[in-house]
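> my questions concern the predicted model and sequence given below.
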Amino acid sequence: MLPSSVPTLLINGSEGIAVGMATKIPPHNLSEVIDGLVSLIDNPNIETEGLMEHIKGPDFPTAGLIMGMDGLKDAYETGRGKIKMRARAHIETNKRGRNSIVVTEVPYQTNKSALVEKIADLVRDKKVVGISDLRDESDKDGIRVVVETKRDAVPEVILNQLYKHTQLQDTFGIILLALVDGVPKIMSLKTVLNHFIDFRHEVVVKRTEFELKEAEARAHILEGLKIALDNIDAVIKVIRGSKDPSQAKEGLMNSFNLSELQSQAILDMRLQRLTSLEVDKVVSEYKELIKIISNLKSILDNKTKRMEIIKTELLEIRDQYGDERRTEIVPVDTEFSMEDMIAEEEVVLTITHQGYIKRTALNTYRSQRRGGRGVQGAMSKDEDFVEHLFIANTHNYMLFFTDTGKCYWLKVYDIPQAGRASRGRAIVNLIGCNPDERVEAFVSVKEFDDDHYIVMATQNGVIKKTVLSAYGKPRKGGIYAIEIREGDKLIQARISNGENDILLGTHEGKSIRFSENDVRASGRKTMGVKGIALSSKDDYVVGMLIVKREGTILVATEKGYGKRTEVLQYRTQTRGGKGVLTMRCTDKTGKMVNIMEVVDSDDLIVITDSGVLMRQPVSAIRSIGRVTQGVRLVKLDDGTNISSITRVISEDSATEKKDDKQMTLDTDTDRDTPSED
């Protein structure tokens with residue numbers, strides 16, 4: 001084992017893996033580690049906090065930042081902990097007023113080329129928007145990666161997104177595992193330093209013992225030479241009277257009481273040593289050796305002296321090789337929340353029949369007159385079309401309910417933004433649902449509390465109510481929201497305060513209204529109770545709404561017909577009944593496809609299975625009786641049917657209106673958020 005003068009295990013770091021164990025020790029600053037060792041020698045009872053005043057934390061050759069101290073303290077106290085590493089970046093503004101994010105230091109073990117490629121992939125996939133250019137300007141003087149932002153983008157938001165999605169921010173899991181007497185052990189920082197001090201103490205002892213042995217051997221020889229020089233004439237006489245070197249050696253040993261080594265040294269001595277000057281040198285060297293021997297013995301007899309030697313040697317190395325810390329440690333994790341940097345606004349979310357989702361600015365849609373042909377709302381294929389369109393706040397949580405009864409959780413701002421003609425991204429890649437699951441219902445939530453409920457309806461008329469707080473912590477693979485019977489599927493979910501009425505509509509034009517109090521709250525993984533008795537085997541539920549106001553009920557059919565009817569015409573019944581007729585469905589109108597609650601200030605967006613979208617005011621649709629055929633809502637080409645119809649709420653009906661054309665799109669989800677009840 002080499003007598004290392006510094007704890008290279010900490011200074012250089014170490015990483016390795018074996019069967020059932022692994023070690024991952026980050027590099028540290030030499031000066032800080034030595035200061036920590038000295039403080040531990042001076043005060044063996046020092047605690048981890050005291051050591052951390054000297055050893056601030058890892059010091060990576062790539063510099064960068066370490067965010068927060070909690071992970072460091074855990075690692076240094078227990079031997080295990082996680083630290084958050086972050087690149088050093090700043091924002092520059094050029095002469096044209098354009099902002100750029102400039103990265104000058106990257107986290108430890110981050111491949112710069114792979115980092116640049118990852119950022120490019122995020123921009124290409126529209127996972128991060130607002131970046132106009134990306135350049136690697138690194139040279140021999142250092143790293144410089146430039147991310148130019150668009151004029152209307154907030155660079156702080158983009159930087160935070162890059163921290164989240166790239167290795168500009170990464171974690172380092174510290175495992176202080178090392179072999180102690182051949183046995184692997186996880187140790188605290190103090191234990192590691194103590195083991196090194198013990199090792200250095202052993203080195204100093206063995207070195208001193210070796211030096212003492214060498215000094216005593218030399219002093220023994222010098223004693224013999226001194227005797228010979230003091231009796232030079234007699235020594236010469238003995239040597240000259242001997243037949244051979246062996247007889248001469250024996251004669252010297254017997255005549256002057258010398259050892260064999262001393263006698264041999266006298267025989268090996270050159271004649272020039274007989275001069276007075278050489279005699280003085282021997283005497284001087286002998287006296288010096290006596291002092292050295294005395295000092296070495298005192299070192300072996302006094303542990304305090306040995307520890308002082310260890311300190312002195314460490315400080316000499318620090319003074320000669322120590323340097324300044326490169327990695328900056330930010331004591332408090334100053335990571336800003338994504339919501340703090342993202343504008344809180346309403347956006348349009350669309351999902352296609354094949355499961356693609358996107359986020360679009362609300363102002364891309366314009367209002368049109370009833371009966372128009374509309375605009376293209378999304379890229380469509382023969383086998384795909386826009387099936388769901390609704391609004392949500394960028395700061396809200398979205399709960400996605402699939403036909404199998406599972407629930408998935410996602411932040412609205414995590415949904416990629418795309419143009420109106422784009423299909424967006426596959427929703428399964430965002431929420432992690434199985435490929436054979438279809439998203440059927442959506443709920444926008446700001447806070448998960450115990451005062452609100454998720455109300456769900458299935459295609460076969462089952463209704464269920466569960467407290468909202470039960471959905472506060474979904475797992476990565478989703479959670480079960482309702483137990484679905486074979487041959488059934490979930491078709492709708494809404495938020496309620498528990499005191500409203502529930503209204504269900506069916507494909508054959510039937511509807512039923514009953515009190516929410518008739519549905520008792522149950523756990524997540526339960527089946528629910530019967531909400532409506534279907535009139536035939538071909539009938540099924542097409543929609544559910546929570547009645548909260550004295551508005552009107554709008555129903556729409558697959559052939560483009562619809563009507564408005566006062567809510568009062570839908571009398572409250574007992575849950576589980578057959579309901580009443582709400583739309584007279586004929587070959588001309590087709591079957592009913594949706595039912596919703598609207599007021600005059602709302603707009604409608606009608607979507608066909610070919611992807612055509614049209615927006616029109618609800619006030620243009622007259623209110624008529626419940627048992628009627630309705631009026632034409634949209635002109636359809638041959639073979640084209642309505643796939644979805646969605647409500648749009650005017651902002652001046654809920655908040656102060658900034659512009660007469662500002663609207664907020666909704667499918668009853670946004671009104672149902674706890675913050676808006």
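Everything's here; your move. Numbering: from 1, shown residues only.
> so, low pLDDT: which residues of the protein?
1, 152, 333-343, 353, 364-388, 549, 648-677 (pLDDT under 70).
> got the contact list for the residue located most distally from the centre of it?
In the chain, the greatest distance from the average C-alpha position (CA atoms, centre = their mean) is reached by Gly241, at 92.7 Å. By CB atoms under 8 Å, 6 or more residues apart in numbering, Gly241 lies in contact with Gly251. Heads up, the C-betas are built off the backbone N, CA and C, glycines and all.
> next one: Cys585
With CB under 8 Å, 6+ apart, Cys585 has these contacts: 508-509, 557, 591-592.
> sorry, back to before: please report phi then psi for the residue farthest from the centre of the chain.
Main-chain torsions, Gly241, degrees, to the nearest 10: phi -90, psi 0.
> what's the most distant pair in the contacts of Cys585?
Farthest pair in the contacts of Cys585 (CB to CB) is Glu508 and Thr557. Separation: 11.2 Å.
> which residues do those two both contact?
Both Glu508 and Thr557 are contacted by 585, 591-592, under the criterion CB under 8 Å, 6+ apart.
> so of those, which ones are in strands?
Within the shared contacts of Glu508 and Thr557, residues falling in strands by DSSP state E are Met592.
> between the shared contacts of Glu508 and Thr557, which sits nearest Lys476?
Met592 (37.6 Å).
> count of residues packed around that closest one?
Using other CB atoms under 10 Å, Met592 is surrounded by 26 other residues.
> kindly report the same for Leu40.
By the criterion of other CB under 10 Å, Leu40 has 21 neighbours.
> and the protein, what are its domains?
88-167, 212-302, 343-676 (automatic domain parsing).
> just the helices in the stretch 101-250 of the chain please.
Assigned helices in the stretch 101-250 of the chain, in chain order: 112-124, 155-165, 189-230, 232-240, 245-256 (criterion: DSSP state H, counting those that start in this stretch).
> any idea which of those helices gets closest to Thr574?
Among these, the nearest to Thr574 by CB to CB is helix 155-165 (50.9 Å).
> what's the angle between the closest one and helix 112-124?
110 degrees (axes from the mean of the first three to the mean of the last three CA atoms, to 10 degrees).
> restricting to C-alpha, output helix 155-165 in PDB.
Only the C-alpha atoms of helix 155-165 are listed here, as PDB (Å, rounded to 0.1, in the frame of the first residue of the first chain):
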ATOM      1  CA  PRO A 155     -35.900  33.200 -21.100                       C
ATOM      2  CA  GLU A 156     -36.300  32.300 -17.400                       C
ATOM      3  CA  VAL A 157     -39.100  30.000 -18.200                       C
ATOM      4  CA  ILE A 158     -37.200  28.300 -21.000                       C
ATOM      5  CA  LEU A 159     -34.100  27.900 -18.800                       C
ATOM      6  CA  ASN A 160     -36.200  26.300 -16.100                       C
ATOM      7  CA  GLN A 161     -37.700  23.900 -18.700                       C
ATOM      8  CA  LEU A 162     -34.200  23.000 -19.800                       C
ATOM      9  CA  TYR A 163     -33.200  22.300 -16.200                       C
ATOM     10  CA  LYS A 164     -36.200  20.000 -16.000                       C
ATOM     11  CA  HIS A 165     -35.800  18.100 -19.300                       C
END
